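[1] quick check, what structure comes out for this input:
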Amino acid sequence: QVHLVESGGGLVQPGGSLRLSCAASGPTFSGYPMAWFRQAPGKEREFVAAVTWSGLNTYYEDSVKGRFTISNDDVRNMAYLQMNSLKPEDTAVYYCASDQSWPALVGGVGAYWGQGTQVTVSS
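    All right, here's what the predicted structure looks like:
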């Protein structure tokens, strides 16, 4: 079993920045890839970014490239999403996810999910 807990969401003005954190724990967690997804009101959940546990490989959804950076800390079992130049359309609940399988994770059918943290971009 893997337990994921997100933090760091909040209200920010357009153009501002936020850093989301995801803490991973559990007896079976062992260097799994990590990802962030988001779900805006009335919309389906969508992929945002993913990182291999080595940190060497990352993958981003086109609309966040150049603005968001995903990273991880393999000592603390943490994953992060640094979000810069935020736009109102980034408003959503952001979820951390993990799975042993990279295709399953990026495809949105990963085995483990956090409860989500709200990000609101508004003036």
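
[2] so who does the spatially most central residue of the chain touch?
    Per C-alpha atoms, centre = their mean, the C-alpha nearest to the average position across the chain is that of W36, at 2.2 Å. Contacts for W36 were tallied using C-beta atoms under 8 Å, 6 or more residues apart in numbering; they are L20, C22, V48, A49, A50, I70, A79, L81, Y94, Y95, C96, A97. Yep, even glycine has a C-beta here, placed from its N, CA and C like the rest.

[3] which among the residues you listed gets closest to G10?
    The shortest approach to G10 among the contacts of W36 belongs to L20, at 9.7 Å (C-beta to C-beta).

[4] any idea what that closest one is bridged to?
    For L20, the residues forming beta bridges with it (DSSP bridges) are L81.

[5] next, count neighbours for it.
    24 (other C-beta atoms under 10 Å).

[6] OK, contacts around it?
    Applying C-beta under 8 Å, 6+ apart to L20 gives the contacts E6, S7, G8, G9, W36, Y80, L81, M83, Y94, C96, T117, V119.
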